[in-house]
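A.B. asks: Show me the folded form of this:
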Amino acid sequence: MKKIIQGIQKFQTDVFPNNRELFQRLAAGQSPEALFICCSDSRISVDLMTQTAPGDLFVCRNAGNIVPVYGLGDAVSGTIEYAVSVLKVNHIVVCGHSDCGAMKGLIKPESLASLPAVKEWLRHAEAARCALDDETEYAGSSAVTAVTKMNILLQLAHLATHAKVFARTREGSLHLHGWYYQIKTGEVQAWDPVANQWLPFEKSPFISKIQPGIAGDARHA
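C.D. replies: Numbering: from 1, shown residues only. The predicted structure follows:
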């Protein structure tokens, strides 16, 4: 806890005074552009990874970046509903990552014998493992990577069961994104539903459309 306490003290004495105007503005309300659904893993720093500031993202974190289908009355569904209906976010990102403990547990359910709550939660990702049994596309990938990517696609499908999400995606005011983050290298891959494949972040058609120069910048980085 010592590091955390020192961090709060540094925030109060150094960081906050230098960003006082930002926090005063945020005190009046929030208007994030995106809902970012990611894993609770301590190695994932959303703000660092996306280089965003307070107020930019509405973040929902849980084991396995899971989105239960609509109607279960869970906290994730409440977060999605608020983000889409009240905050009017324009984008929802489901971001999985390498070496995910939740996905390891999904692959080897026997390892969850002493973790009944975790096992129950991961039932929302079970279809990802089942789909992988017949999947040939990931034959050259590790099982954890393969099931993690399949799980991202599954959770994107679950998002469509939420009425407000479905309605706004149909009208074109809300866009869904699947991202995979590699901790060791910092690489991010984006799912391209048109090409039906994972692409390097800078080669994703949607991202290139938003940031036209990103591909060139990435090549010369």
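A.B. asks: Q189 is in contact with W179, correct?
C.D. replies: Yes - counting by Cβ atoms under 8 Å, W179 does reach Q189; the two are 6.9 Å apart. In short, each C-beta sits where N, CA and C put it, glycine included.
A.B. asks: and for these two, which residues touch both?
C.D. replies: Residues within reach of W179 and of Q189 at once, by Cβ atoms under 8 Å, 6 or more residues apart in numbering, are F201.
A.B. asks: the more surrounded of those two?
C.D. replies: Using other Cβ atoms under 10 Å, the more surrounded residue of W179 and Q189 is W179, with 23 against 20.
A.B. asks: Regarding that one, what is its secondary structure?
C.D. replies: Assigned by DSSP: H, G, I helix; E, B strand; the rest coil, the conformation of W179 is strand.
A.B. asks: now it, nearest residue through space, not along the chain?
C.D. replies: In space, and not counting its chain neighbours, W179 is closest to C95: 4.4 Å by Cβ to Cβ, 6 or more residues apart in numbering.
A.B. asks: what do you get for A160?
C.D. replies: That would be F166: by Cβ to Cβ, 6+ apart, it lies 5.3 Å from A160.
A.B. asks: The one you found: neighbour count?
C.D. replies: 15.
A.B. asks: Against which helices or strands is whichever strand or helix holds it packed?
C.D. replies: For F166, the element it lies in under DSSP states H and E is helix 163-171. On a contact count with 3 or more Cβ pairs under 8 Å, 6 or more residues apart in numbering; DSSP states H and E, helix 163-171 meets helix 75-85, strand 175-181.
A.B. asks: Point to the helix or strand of the protein where mean pLDDT is at its lowest.
C.D. replies: Using mean pLDDT, DSSP states H and E, helix 214-219 stands out as the lowest-scoring helix or strand of the chain, at a mean of 43.
A.B. asks: circling back to that earlier point, V67 versus the residue nearest to W179, what's the distance?
C.D. replies: 12 Å (Cβ to Cβ, to the nearest Å).
A.B. asks: Which of the two has more residues huddled nearby?
C.D. replies: V67 (28 against 22).
A.B. asks: what's the more buried one in contact with, if anything?
C.D. replies: When contacts are taken as Cβ under 8 Å, 6+ apart, V67 is in contact with 37, 76, 80, 94, 124, 155-156, 158-159.
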